[in-house]
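**Student:** Model the following, please.
(chains A, B, C and D)
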Protein chains: 2
Amino acid sequence: MTSPPSRRRRATVHDVATEAGVSRGTVGRVINGDGYVSASAREAIEAAIKKVGYVPNTAARTLVMQRSQAVGFIVHEPHSLFLEDPNIGEILLGANTALSASDYQMVCLIVDSDRDTERVARYLSGGFVDGVIIVSARQDDPITRVVERLSLPAAFVGHPPDLGTAAFVGIDNRGSARTITTRLLETGRTRVGMIAAALDRDSGADRLAGFTEALGARFDPTLVEPVPLYSYRAGLEGMRALLAREPLVDGVFAASDAVAAGALEALREAGRSVPEDVGVVGFDDSAWATRCQPPLSTVHQPAAGLGQRAAESVLRQVDGAEPEVDQIVLETPIVWRGSA
Amino acid sequence: MTSPPSRRRRATVHDVATEAGVSRGTVGRVINGDGYVSASAREAIEAAIKKVGYVPNTAARTLVMQRSQAVGFIVHEPHSLFLEDPNIGEILLGANTALSASDYQMVCLIVDSDRDTERVARYLSGGFVDGVIIVSARQDDPITRVVERLSLPAAFVGHPPDLGTAAFVGIDNRGSARTITTRLLETGRTRVGMIAAALDRDSGADRLAGFTEALGARFDPTLVEPVPLYSYRAGLEGMRALLAREPLVDGVFAASDAVAAGALEALREAGRSVPEDVGVVGFDDSAWATRCQPPLSTVHQPAAGLGQRAAESVLRQVDGAEPEVDQIVLETPIVWRGSA
DNA sequence: AGGGAATGTGTGCACGTGCACACACGCGAA
DNA sequence: TTCGCGTGTGTGCACGTGCACACATTCCCT
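**Tutor:** The predicted structure is shown next:
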């Protein structure tokens, strides 16, 4: 009867103990399943737990164990690429699957503003998570620095951080881009261009580099159309610009499936048929790829696998393994559909 | 020097106190900013905090305060509608904004399997969150039951739970569907159909009900094509089926923008032009709406606002307010673009 | 018969924090 | 002097848990 709106007091081990007529220690042994407990005591305690509706207080357990059985999943995107990039969602689910299998709770933390940065840093410092998975960290990121300072087990997805010692899981953007461009050239195209997105990010720059390598001596910079984002609209406008400048283009490597979808629309506007007049390939193998008309030939990005491997790396580090053994590059098979 | 892989011990108030030559109590007063502290002590303590790199241990604070300054955001979707439904991401960001403004941490919990359900229930029971925002709860949901049992402050987004006493924030699906259907009829269409998705969920059923009401005596059940999901593919296939059965259809209300996008593709296949031959309207005003050709006329769903209002409701309840005053229905203005 | 396992149970301490209380000091008024 | 008050500081307890230790009982082996 302290104050009416306050929720009722939670049952503790002590309540269970008095209810079952034993001591706290015995109750603890039953809950954690170790040590010797007589059958009669066990039964009495289990009944008491049910009766008083006992659930362990995780905060207290975390405090004494120095372990929270939770791992943070940090998404640090300026506004909300979170919404547009289907990969992030897939990475998240992959990580959740792996953590769930080891009975860890995933805690998803969105960093959307500077205010968030500070709060998340406090949260991490507070010992609420045993480790973190970091997606798309920036250079000189305050969150990254906090993680280093706490020497919190961490795994980066997508790109290694500045320091070479941390664990990361990624794909070979450059090699994959080179491979699919080569495949596109093998279909007999002679003037192959690229809609190169997000050149300020490693993934974007690497994909362009791979494209350039594949073309070798045939590379012609006027066939590269840079656009700011991995978005449908960027693809639409980029393709329009490319067509206006180079009407004879007969092949296009789009930096992502969303960009490719926009490019297909621009080609349709211009009356070009795909793949007859122009071959188009994308990158990601996201939902866009099968939703397009014709469906896209693209590079499969194993997003769920990235999340899963990152989670496994963090769990290994929580168990005391060294991070640097975990620098993993996953395979990116090419999926050939109808667009080239 | 206990064990090399273990991370170094965190600094505590005690370390700060000895470093600054004062007692724990004084340090606490500086950190929490109440009580009398001399200027000299304050300076010494602030310097000591910087020097030893002190950050409060949130677990300990949670334990003693019975407050975690965190709110759970629970997404309970069978497989991963999470990825496909852009509304969920927007709701999430809206909630994060509101919580962030009150200096609360949002903790996003994904429930993807039965195993997750159990673990999340334990997590909630553990006192790691002061309240929860629940998106798309199911009937007889175990998570919902846990929340009730703990009498944890909660707000449901989308639809009220079985019990009428809990807080929820939603939109008037039926009224909005009725309004946009009426607008579509006012453009002079005579045979207006609907691609009705997800009839097993309240939102889907309510949108169909609104459509039916708008047509009144003119309602013809053969013009309703039910499809399972709010997806592009469902829209594509649904529209094909509807066209095959009713070639004279000249207006379509699609249950979501993704469905409408699929319908546009089917109409294009069939050689119908939009909006000349057939008027199409959608629902959600998501990214699909502006990405389509022509851009969609649709019902604006204030997803970010839903998240924000839900968060505010939870925070009010944490402060002791009664939940039942928070049963909020947000406005859903119609956005008229080119597709009808 | 006596010593030592094996089995079963209770108690004290620690985790790091907030808060209530006690205490110390200087000063002015009764 | 003695009391009260404002200011500044130290200490003990509580939060709920896990774990190490101490203790109690039984049983077997020498």
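
**Student:** going forward, measure contacts between C-alpha atoms and count neighbours the same way
**Tutor:** Fine.

**Student:** Phi first, then psi, for the spatially most central residue of chain A.
**Tutor:** Nearest residue to the geometric centre of chain A (Cα atoms, centre = their mean): A:Ile91, 3.4 Å. With angles defined as degrees, to the nearest 10, A:Ile91 sits at phi -60, psi -40.

**Student:** can I assume it is in contact with A:Gly305?
**Tutor:** Yes: checked against Cα atoms under 8 Å, the pair A:Ile91 and A:Gly305 is within contact range at 7.2 Å.

**Student:** hey, what's in contact with both of those two?
**Tutor:** Residues touching both A:Ile91 and A:Gly305 (Cα atoms under 8 Å, 6 or more residues apart in numbering or on different chains): none.

**Student:** returning to what we had before: please report the distance of the residue nearest to the centre of chain A from A:Phe73.
**Tutor:** Distance of A:Ile91 to A:Phe73, given as Cα to Cα, to the nearest Å: 10 Å.

**Student:** got it, and A:Asp112?
**Tutor:** From A:Asp112 to A:Phe73 the distance is 14 Å (Cα to Cα).

**Student:** follow-up on the earlier one: who's in contact with the residue nearest to the centre of chain A?
**Tutor:** A:303-308 are the contacts of A:Ile91 under Cα under 8 Å, 6+ apart.

**Student:** residue ranges for the helices of chain A, please.
**Tutor:** A:13-20, A:24-32, A:39-52, A:58-65, A:81-84, A:86-101, A:114-125, A:142-149, A:173-186, A:202-215, A:232-245, A:257-269, A:287-291, A:303-318 (DSSP state H).

**Student:** Okay, now the unreliable bits of chain A?
**Tutor:** A:1-9, A:77-85, A:137-140, A:159-164, A:323-325 (pLDDT under 70).

**Student:** how does it divide into domains?
**Tutor:** Using automatic domain parsing, the domain ranges for chain A come out as A:13-56, A:70-170+A:305-328, A:173-299.

**Student:** got those as JSON lines, with distance to DNA strand C columns?
**Tutor:** Compiled in JSON lines, those are given as follows (distance: least, Cα to the nearest atom of the strand, whole Å):
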{"stretch": "domain A:13-56", "distance to DNA strand C": "4"}
{"stretch": "domain A:70-170+A:305-328", "distance to DNA strand C": "8"}
{"stretch": "domain A:173-299", "distance to DNA strand C": "38"}
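
**Student:** Without its sequence neighbours, what residue ends up closest to A:Asn87?
**Tutor:** A:Ala303 (5.7 Å; Cα to Cα, 6 or more residues apart in numbering or on different chains).

**Student:** any idea how far that neighbour is from A:Val329?
**Tutor:** For A:Ala303, the distance to A:Val329 - Cα to Cα - is 12 Å.

**Student:** Counting neighbours, what do you get for the residue lying closest to A:Ser256 once chain neighbours are set aside?
**Tutor:** Spatial nearest neighbour of A:Ser256, excluding adjacent residues (Cα to Cα, 6+ apart): A:Phe283 at 4.3 Å. Residues near A:Phe283, counting by other Cα atoms under 10 Å in any protein chain shown, number 28.

**Student:** need the residues of chain A near DNA strand D, please.
**Tutor:** A:9-10, A:12-14, A:24-25, A:28, A:31-32, A:55-58, A:60-61, A:63-65 (Cα under 7 Å from any atom of the strand).

**Student:** of the residues you listed, buried ones?
**Tutor:** For the residues of chain A next to DNA strand D, a neighbour count by 16 or more other Cα atoms under 10 Å in any protein chain shown gives the buried set as A:10, A:12-13, A:28, A:55-58, A:60-61, A:63.

**Student:** residues in contact with A:Arg174?
**Tutor:** So A:Arg174 contacts A:206-211 (Cα under 8 Å, 6+ apart).

**Student:** Which residue is the nearest non-sequential neighbour of it?
**Tutor:** A:Arg174's closest residue in space is A:Gly210 (Cα to Cα, 6+ apart), at 4.3 Å.

**Student:** where does A:Leu306 sit relative to B:Thr187, distance-wise?
**Tutor:** Taking Cα to Cα, one finds A:Leu306 at 50 Å from B:Thr187.

**Student:** what does A:Thr18 give?
**Tutor:** 74 Å.

**Student:** the more surrounded of the two?
**Tutor:** Set side by side, A:Thr18 and B:Thr187 show more neighbours around A:Thr18, with 14 against 11, by other Cα under 10 Å.

**Student:** and the nearest residue to A:Val278 once chain neighbours are set aside, what is it in contact with?
**Tutor:** Spatially, and ignoring its direct neighbours in sequence, A:Val278 is nearest to A:Asp250 (4.2 Å; Cα to Cα, 6+ apart). Neighbour list for A:Asp250: A:189-192, A:277-279 [criterion: Cα under 8 Å, 6+ apart].

**Student:** let's see it at 6 Å
**Tutor:** A:189, A:191, A:278 (Cα atoms under 6 Å, 6 or more residues apart in numbering or on different chains).

**Student:** Redo those as JSON lines? Include distance to A:Ile134 and neighbour count.
**Tutor:** Converted to JSON lines, these look like this (distance: Cα to Cα, whole Å; neighbours: other Cα atoms under 10 Å in any protein chain shown):
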{"residue": "A:Arg189", "distance to A:Ile134": "40", "neighbour count": "16"}
{"residue": "A:Arg191", "distance to A:Ile134": "39", "neighbour count": "18"}
{"residue": "A:Val278", "distance to A:Ile134": "39", "neighbour count": "20"}
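
**Student:** What is the nearest of these to B:Lys50?
**Tutor:** When these are compared for distance to B:Lys50 (Cα to Cα), A:Arg191 wins out at 60.5 Å.
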